[in-house]
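> All I have is the shape, not the residue letters:
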């Protein structure tokens, strides 16, 4: 096997893995993680179950890859979060209902007993609250215009983003997710430069 | 059968139904609805599956009873919601992690394809946004102190309540759910009379 063959083999494996993760995201969006089967994922990418197990030996291993995908999705490498970028993230999410559905379904399941994503979400929220606290402090200092500290505002910011996703997924015509999120930033004292607040 | 016997029979049936619904709430909190089995519910109340089917002929029929229970839980009959009562509701919820877990798990699942609770949650959120709009208008008139209308504040209020529940269920020691909710009411301009905002 030449060096070029080995690289092609690795590239093909990587491409196939990415394809499997995309299929898993879809199956979880449709059925949740507990309702998802390895057979359904295998079928979607045209693999036998044995072929799928070659890439991901267990359903939990596939979940880990799905959650890593999630981390890449809303992180900008080596760039601290800025409050004004959050609106762009919410606008971006509003164009990707499928992936929002996957992670809203996983978040919901994660609070049930012994769920394999529970540790991931617990740690993720700890980290996201800290990240948001830092971003809020960079934007506003130790007090926001409304009087709250960054520490006490961060859980509200995260809660609004998650809660709006459920309302929007259930009824996209009734809920303007980016508009509602801009309203929330306005409550914090942010100048969002759109709408008149009414 | 005497009138008294009939009444006792009905009372016993009602008590047994309530016991089954409580067991179903627990099983859904632990496994989600898709992961819940009629067998697990039957076992928890000491019934055979056949005995359970006598009360609830299908799993979906049991889900309907569970969702009706949810409606009773946060409704005060014939009393319009008041903004200042919401803090009490959140404090009450913070004492009942089990039932919050049941409905957070169900909400998460409801966004997946063809979920039997999807219609329920979609209609519920439409209604709750309207109810909250009315409550906010009664408290503040057509503009809140922060400048938003009641219509635009209502989805944020609902989102914060839902989003905080997930953070709190995942990490109850890290998230003071009632305190965070009071912070949010303070953003709206409400005098909550506790804490100093910092």
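Okay, I see it. Only a predicted model underlies this, so the values are computations on that prediction, with no experimental measurement involved. Numbering: from 1, shown residues only, chains lettered A, B, ... in the order given.
> Nearest to chain B within chain A, name that residue for me.
For chain A, the residue closest to chain B is residue A:108, as judged by C-beta to the nearest C-beta, at 0.9 Å. C-beta here means a position set from N, CA and C on the backbone, and glycine is covered the same way.
> Let me know how buried that residue is, in neighbour terms.
25 (other C-beta atoms under 10 Å in any protein chain shown).
> Which parts of chain A belong to which domain?
A:1-69, A:74-192 (automatic domain parsing).
> Would you mind finding the most buried of the ones you listed?
Neighbour counts (mean count of other C-beta atoms under 10 Å in any protein chain shown) averaged over each of the domains of chain A peak at domain A:74-192, with a mean of 18.
> which secondary structure elements does the helix or strand where residue A:32 lies contact?
Using DSSP states H and E, residue A:32 falls within helix A:3-35. Applying 3 or more C-beta pairs under 8 Å, 6 or more residues apart in numbering or on different chains; DSSP states H and E, we find helix A:3-35 packed against helix A:38-44, helix A:49-55, helix A:59-73, helix A:97-110, helix B:3-35.
> Recalculate using a threshold of 10 Å.
If you count contacts as 3 or more C-beta pairs under 10 Å, 6 or more residues apart in numbering or on different chains; DSSP states H and E, helix A:3-35 packs onto helix A:38-44, helix A:49-55, helix A:59-73, helix A:97-110, helix B:3-35, helix B:97-110.
> Residue A:189 is nearest to which of those?
Checking the helices and strands packed on helix A:3-35 against residue A:189 by C-beta to C-beta gives helix A:97-110 as the closest, at 27.1 Å.
> Which elements pack onto the closest one?
Applying 3+ C-beta pairs under 10 Å, 6+ apart, one finds that helix A:97-110 contacts helix A:3-35, helix A:59-73, helix A:83-94, helix A:118-140, helix A:150-170, helix B:3-35, helix B:97-110, helix B:150-170.
> pLDDT at the most centrally placed residue in chain A, what is it?
Nearest to the mean C-alpha position of chain A, by C-alpha atoms, centre = their mean, lies residue A:70 at 4.6 Å. Confidence at residue A:70, expressed as pLDDT, is 81.
> which residues touch the nearest residue to residue A:181 once chain neighbours are set aside?
In space, and not counting its chain neighbours, residue A:181 is closest to residue A:90: 4.4 Å by C-beta to C-beta, 6 or more residues apart in numbering or on different chains. Residue A:90 sits next to A:160-161, A:164-165, A:168, A:177-182, A:184-185 when contact means C-beta atoms under 10 Å, 6 or more residues apart in numbering or on different chains.
> Just the closest of these to residue B:151, please.
For these, the nearest to residue B:151 is residue A:180 (10.6 Å; C-beta to C-beta).
> before we move on, back to that, pretty sure the residue of chain A closest to chain B is touching residue B:166, no?
Yes. Using C-beta atoms under 10 Å, residue A:108 is in contact with residue B:166, at 7.8 Å.
> now the residue nearest to residue A:181: how far from residue A:183?
Using C-beta to C-beta, to the nearest Å, we find residue A:90 at a distance of 11 Å from residue A:183.
> shared neighbours of these two, anything?
The contact lists of residue A:90 and residue A:183 share residue A:160, where a contact means C-beta under 10 Å, 6+ apart.
> Let me see the backbone angles for residue A:145.
Backbone torsions for residue A:145, taken as degrees, to the nearest 10, come to phi -50, psi -30.
> With adjacent residues omitted, what lies nearest to it?
Leaving aside its chain neighbours, residue A:145 sits nearest to residue A:189 (2.9 Å; criterion: C-beta to C-beta, 6+ apart).
> Pop out the phi and psi values for the one you found.
The phi/psi pair for residue A:189 (degrees, to the nearest 10) reads phi 110, psi 10.
> And the contacts of stretch A:41-48?
Here stretch A:41-48 has contacts from A:16, A:19-28, A:37-39, A:49-56, A:59, A:62, using C-beta under 10 Å, 6+ apart.
> how about 6 Å then?
Stretch A:41-48 has contacts (C-beta atoms under 6 Å, 6 or more residues apart in numbering or on different chains) with A:19, A:20, A:23, A:24, A:27, A:49, A:52.
> Show the model's pLDDT score for the fifth one.
In this case it means residue A:27. On pLDDT, residue A:27 comes in at 97.
> Do you know the pLDDT at the nearest residue to it once chain neighbours are set aside?
Residue nearest to residue A:27 in three dimensions, not counting chain neighbours: residue A:36, with 4.6 Å by C-beta to C-beta, 6+ apart. What the model reports as pLDDT for residue A:36 is 95.
> Distance of the residue nearest to residue A:181 relative to residue B:36?
Residue A:90 is 33 Å from residue B:36, by C-beta to C-beta.
> swap in residue A:170?
For residue A:170, the distance to residue B:36 - C-beta to C-beta - is 21 Å.
> Now do the same contact list for the spatially closest residue to residue A:137 that is not a sequence neighbour.
By the measure of C-beta to C-beta, 6+ apart, the closest residue to residue A:137 outside its immediate chain neighbours is residue A:150, 4.4 Å from it. With contacts defined as C-beta under 6 Å, 6+ apart, the neighbours of residue A:150 are A:133, A:136, A:137.
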